[in-house]
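Asks: Fold the following for me, if possible:
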Amino acid sequence: MTQTVSYTMEGFLEDVKHTFASTSDPLAQAREVAENLKTLLATPGWLEEMLDLPEEGGYGPKSLHLEEDAGHPGPGFWLMASVQKPDQDNLPHDHGNAWVVYGVYQGAIEQTKWRWFYPGEGVDQLQIKETGQFIQKEGAVAFFLPGEIHNTRNVTGGRALVVRLESQKLDRLTRYQYNPEDTTMRVMDR
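Replies: Model prediction:
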């Protein structure tokens, strides 16, 4: 008889701590954590056990683990789940000097990337413009490095469940939200 060992959230967290201990390169950290999160997403049932969600609703962020001894740029990485409403969208934003890995556990989200364009780059005046988008389906993982601008939108038609690891809990960092309609930016609330 073959025995199957599944990857646990506790094993994932140990791997994340090891990643922070073994390299200070944010790209290498994000890549390694993304690979490990992909493995965790493929393990059935672990998130349902953690959240005990109702059949419908239950929207909002759900804390899974805050680690005060490891992270980037300082200690305090946060693993959380976001239960997103149908068509839930947000304005483009960055994550300050942290990176974030997104993994879709249930449903699908659209990730849209943005950047500033300056005169001489095909625009007459400074503006923020979309540079591309992709759909993350169940089991798919993506990461955004420090300073990258993006926004997410639930495209499931129902509830989406997204697991996110912030290299440092974002409410501890200065980060910005951008409005492409009027080319403004503001510091996000902590």
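
Asks: buried ones in the longest helix along the chain?
Replies: For the chain, the helix that runs over the most residues, judged by DSSP state H, is helix 26-41. Under the neighbour-count criterion of 16 or more other Cβ atoms under 10 Å, helix 26-41 has Pro26, Gln29, Ala30, Arg31, Glu32, Val33, Ala34, Asn36, Leu37, Leu40, Leu41 buried. C-beta coordinates here come from the backbone N, C-alpha and C atoms, glycine included.

Asks: elements contacting it?
Replies: helix 9-22, strand 100-106, strand 141-144, strand 160-166 (3 or more Cβ pairs under 8 Å, 6 or more residues apart in numbering; DSSP states H and E).

Asks: Columns distance to Leu64 on top of those, output as JSON lines?
Replies: As requested, the helices and strands packed on helix 26-41 are exported to JSON lines (distance: least, Cβ to Cβ, whole Å):
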{"stretch": "helix 9-22", "distance to Leu64": "7"}
{"stretch": "strand 100-106", "distance to Leu64": "11"}
{"stretch": "strand 141-144", "distance to Leu64": "16"}
{"stretch": "strand 160-166", "distance to Leu64": "8"}
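
Asks: Check which element follows the helix-or-strand element of the chain with minimal mean pLDDT along the chain.
Replies: Every helix and strand of the chain was ranked by mean pLDDT, DSSP states H and E. The lowest is helix 46-51, at a mean of 88. Going down the chain from helix 46-51, the next helix or strand is strand 60-67, by DSSP states H and E.

Asks: Let me see the mean pLDDT of that next one.
Replies: For strand 60-67, mean pLDDT is 95.

Asks: Would you mind pulling the contact partners of that strand?
Replies: Around strand 60-67, the neighbours that count as contacts under Cβ atoms under 8 Å, 6 or more residues apart in numbering are 9, 13, 16-17, 50-51, 75-83, 163, 169.

Asks: Buried residues in the least confident helix or strand of the chain, which are they?
Replies: Along helix 46-51, these residues count as buried under the neighbour rule (16+ other Cβ under 10 Å): Trp46, Leu47, Met50.

Asks: what helices or strands is the host helix or strand of Glu130 leaning on?
Replies: If you go by DSSP H and E, Glu130 is part of strand 127-137. Judged by 3+ Cβ pairs under 8 Å, 6+ apart, the packing partners of strand 127-137 are strand 100-106, strand 108-117.

Asks: dump the residue contacts of Met50.
Replies: By Cβ under 8 Å, 6+ apart, the contact set of Met50 is Met9, Lys62, Leu64, Ala81.

Asks: and which of the buried residues of helix 46-51 is nearest to Thr183?
Replies: Leu47 (38.6 Å; Cβ to Cβ).
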